[in-house]
Structure formats: structure tokens, C-alpha cells
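Peer 1: What would the 3D arrangement of this be:
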Amino acid sequence: MNKIKYQTPTGMHDVFGKEQVFYDKVEETAKKLAEFYAFQRITTPILEDQELFIRSVGEGTDIVEKEMFTLKTKGKDLLVLRPEGTAPVFRAYIENGMQSFSQPVKLWYYGPFFRYERPQAGRYRQFWQIGFEFVGDKAPVYDAQTILIAHNLLKDIGFKNIVVSINSIGCEECRKDYKKALNSFLKNKKDLICADCKKRAEKNILRVLDCKNPKCQQVLSEAPQIVDYLCPECKDHFKHVLEYLEEVSIPYRLDPFLVRGLDYYSKTVFEIGFSETDKEEALGSLAGGGRYDSLGKALKSDDIPGVGFSMGVERIIALMKLKNIKYKEKKKESIFIVQVGELARKKTLKIIEELRSQKINVSEAISKESMKLQLTKANKLAINIVLIIGQREALNNTVIIKNMETGKQSIVEQENIVKEIKKRIK
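Peer 2: So this is what the prediction gives:
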């Protein structure tokens, strides 16, 4: 057997067949929620200016330092295959003058994203992501509704025993004093934390809290908590968010060391994962997000508040399989057309288009000459209603309608075929 010359690039994969059913179902579930909550879909370019992510996500983040697919155009512009969704949506909001719309502007997206990282089970260099964003309003009720929508989306997909981990990382003023306290705490513990955290402590000390290394987590369990450094405004904001969550009975737990890994977050940050009673709790979060009121400032634009969340589709699908959440592909009732002879083939093409115009699904094997082969395919597809057009039927402008279950068949005029099929489908 010859070796395949061309294959998918490392860390990328084809999606088709039964696997595609999962992707479609997740998208369909998100679309229904978006319609209910009156979100408009937005599709941003796959390529964006590199500077957009350096300024928004942060120079010291893994995304910018290690994971961006960057290319230089012939005009020497530096473009990036988008690694995340919030910054492009925010850019689109500003560029398209959405400040003049009724606020907040509610946008959602579903599409491919790219990160150059070591491929592993469930993690790809091209991956799909869903995101929901409220842009243009700082009210804490939208933080709570963002969390509610993310929670509902996961429930509608079929997950159970999920819980929200939540924290507030305050505003820039709150964080100044907290960063000093955290830096003071870590001064005598530099030898106990990993090499990555030592670098993070120099560039962006809050990212130390995001480390998943067990040794670092043990050290950080004794670190000062940012909620103790919140200013009155941020404290009041967080209090209201929690009260709204309690009102709609969303289960949550306070996580004083949750910060998320991107620089644009402020105030509320959250992740949704399995409860501690669930054996898959150790697998981490299903969705995450938060408020990003400082993103406009980072992009040297207007001071525009926003809050949102995203979830990786491949990870969701992997956990759906692990949890045995199954989706069956919806099959609309279809008919099968069998034709024999060149004139019958011509007539079949016309009939297919007539049925299509009436939204009746049609299957066929129009290139085949053998009636037996065509009927065999109809059987494999489990199609009950079969139209047969032979040379005689083609000349007489008639069609044989056969019920594959009972074997009963009747002859009808071609001009009445749509009406007769509709009767049988009903």
C-alpha cells in the first residue's frame, strides 16, 4: 500500500460522519440559546493584526509568548490566526460603531481558532470554540446572566453535576495593593515554585495564581487572597453578582485564587466544571470567562465595559463521550428514486428538483443502470417510499410508487407526484 503523501498538519484533524453530528449538535444547542436570549451571531476574520492580541491578551501570557500562529504578508504586515474570540469581537464592536447601538450589544460566535501548542488528547492546534459576549454595560446583572447562559448551555448539552467556581480580581487600583502583598509573600518562597512561575512573578505576578503545578498550588494555598483587597466598588459589584446567582439557584463556590490566564480580565472571573462528587472533577473546566472592563483601555480605545465566556468544542465533545451523552443524527423522511434508461434519467433529474422545491428529501443512485443495485441502496438507507421510472414510465410520463415495507405499488402521473408523495409522508 502506498504511503499517503498529503496528510493533515500536525495537531489538526478532519471532522466528518458521526463525529460531525456532535459538532453540529453543540452548535445547534448554542444557537437555540442565543436566539432565546436575543444574541446576534458574529463572524470575525480568521486572521487579525498581531498587535490586537499582544495588547489585549497580554505580552506575558502563554498565548502571546508561545502559541500564536504568526505570518508576515508581502506588505510586511504581521497577522495572526486568531487564538481566542473576545479581542476580535471587541475590535469589531469598536470598528463597526456598535457604541451607537442599544447597549449592551449581545454577540455570540462559533468557529475555528488556532494555537501553536503540543498536540495531545482532546487538544488541537486548530480547535472550535463557542463564545457569548455582552459589550457596553458594566451592570453586575450581566455578569450573572453570562454565567447563567454558560451553565444553561452545558446543561442543555447534557452535562450534570456542574458547579461554578467564581472570584473577583477587582480593578487596577485594587490589584496594585494585592500585587505588592503577593510579591512580598513569594519573596521567601522563590525556591519552592516552578521555573515558569518565577518568570510569571517578574512579568505578571497574578499569573502565578493560575499555575496548575501541585507544588506551586500548595505554596499558593497560604497566599493572601485578592478578595481581601477589593475596593468598595468592586466589593459591591461582586456581592451583587453572587446575589443574582443565588436568586436563580446557580450552584457556585468561591475560589479565592481563580484569576484566568488573560490580562484583559477585571472584577468577576469564573469557570464551570464538575462538582467535587463527580469522578471527572479532576478534568478541569468546561467553560470560563469573566468581565473585561479594561480591554478598551488596553487597545487605546474608549473605556468600554464587557463580560463574556467561551468553551472549547473538542473538550466538550470528549467529555460528552466520557459521560456517554449521545446524539442521534436527525433523519428526515426521505424517498428514493430508481431509474432505468437514459430518458428515465433525464426525467429523474426534473423530478428531483420538483421535490426539492417542496422540501422533500430525495436519495438516488442516478449513475447506476441496475435496478437491483439501486433498490439495494434504498434498503440500506432504510427508505420506505421508492419511485421507479423505467423506459415505459418515462415515455408515458408516469411513475411507479412502491412501499418497500408492504411491497404494494401504484402508478401515478408525473404531474401528480409531489401531491402523492406528500400524502404518503404524512
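Peer 1: Now find how far off-centre stretch 388-405 is within its chain.
Peer 2: Using CA atoms, centre = their mean, to the nearest Å, the distance from the centre of stretch 388-405 to the centre of the chain it belongs to is 47 Å.
Peer 1: Mind listing what's buried along that stretch?
Peer 2: Buried residues in stretch 388-405, counted by 16 or more other CB atoms under 10 Å: 388, 389, 390, 393, 394, 398, 399, 400, 401, 402, 404. The way it works is simple: take the backbone N, C-alpha and C, and place the C-beta from them, glycine included.
Peer 1: show me where the stretch 201-350 of the chain has helices.
Peer 2: Secondary structure of the stretch 201-350 of the chain (DSSP state H, counting those that start in this stretch): helices located at 214-220, 232-247, 295-298, 313-322, 342-357.
Peer 1: Measure how far the fourth one is from the centre of its chain, please.
Peer 2: Meaning helix 313-322. Centroid separation between helix 313-322 and its chain, computed with CA atoms, centre = their mean, is 11 Å.
Peer 1: just to revisit the earlier point, out of the buried residues of stretch 388-405, which are inside helices?
Peer 2: In helices, judged by DSSP state H, the following of those are found: 393, 394.
Peer 1: Relative to residue 21, which of the buried residues of stretch 388-405 is nearest.
Peer 2: Distance ranking of these against residue 21, using CB to CB, places residue 404 first at 25.4 Å.
Peer 1: Tell me how this structure divides into domains.
Peer 2: Residue ranges for each domain of the chain read 17-171+231-322, 334-425, as given by automatic domain parsing.
Peer 1: Comparing those, which comes out most buried?
Peer 2: Compared across those, domain 17-171+231-322 shows the largest average neighbour count, a mean of 18 (mean count of other CB atoms under 10 Å).
Peer 1: what about the stretch 1-150 of the chain, any weak spots by pLDDT?
Peer 2: Along the stretch 1-150 of the chain, segments meeting pLDDT under 70 span 1-3, 60, 121-122.
Peer 1: if we can go back for a sec, with distance to residue 213 as extra columns, can I get the domains of the chain in TSV?
Peer 2: Shown next, in TSV, are the domains of the chain (distance: least, CB to CB, whole Å):
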stretch	distance to residue 213
domain 17-171+231-322	13
domain 334-425	53
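Peer 1: Nearest to residue 212, out of those domains?
Peer 2: Ranking those by distance to residue 212, with CB to CB as the measure, places domain 17-171+231-322 first at 8.4 Å.
Peer 1: The closest one: end-to-end distance?
Peer 2: Between the start and the finish of domain 17-171+231-322 there is a gap of 19 Å, counting by CA to CA, to the nearest Å.
Peer 1: Now do that domain: distance to the chain's middle.
Peer 2: The chain centre lies 10 Å from the centre of domain 17-171+231-322; the measure is CA atoms, centre = their mean.
Peer 1: Equivalent analysis for stretch 335-354, please.
Peer 2: 41 Å.
Peer 1: Take it, keep the C-alpha atoms, and write them as PDB.
Peer 2: Extracted in PDB, the C-alpha atoms of stretch 335-354 (Å, rounded to 0.1, in the frame of the first residue of the first chain):
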ATOM      1  CA  ILE A 335     -37.800   9.000  -0.700                       C
ATOM      2  CA  PHE A 336     -35.600   7.100  -3.200                       C
ATOM      3  CA  ILE A 337     -35.800   7.300  -7.000                       C
ATOM      4  CA  VAL A 338     -34.900   4.300  -9.100                       C
ATOM      5  CA  GLN A 339     -34.400   5.000 -12.800                       C
ATOM      6  CA  VAL A 340     -33.600   2.700 -15.800                       C
ATOM      7  CA  GLY A 341     -32.500   4.100 -19.100                       C
ATOM      8  CA  GLU A 342     -31.300   7.500 -20.400                       C
ATOM      9  CA  LEU A 343     -34.700   9.000 -20.900                       C
ATOM     10  CA  ALA A 344     -35.700   7.900 -17.400                       C
ATOM     11  CA  ARG A 345     -32.500   9.500 -16.000                       C
ATOM     12  CA  LYS A 346     -33.500  12.900 -17.600                       C
ATOM     13  CA  LYS A 347     -37.000  12.700 -16.200                       C
ATOM     14  CA  THR A 348     -35.500  11.800 -12.800                       C
ATOM     15  CA  LEU A 349     -33.400  15.000 -12.700                       C
ATOM     16  CA  LYS A 350     -36.500  17.100 -13.300                       C
ATOM     17  CA  ILE A 351     -38.500  15.200 -10.600                       C
ATOM     18  CA  ILE A 352     -35.700  15.600  -8.000                       C
ATOM     19  CA  GLU A 353     -35.800  19.400  -8.500                       C
ATOM     20  CA  GLU A 354     -39.600  19.500  -8.200                       C
END
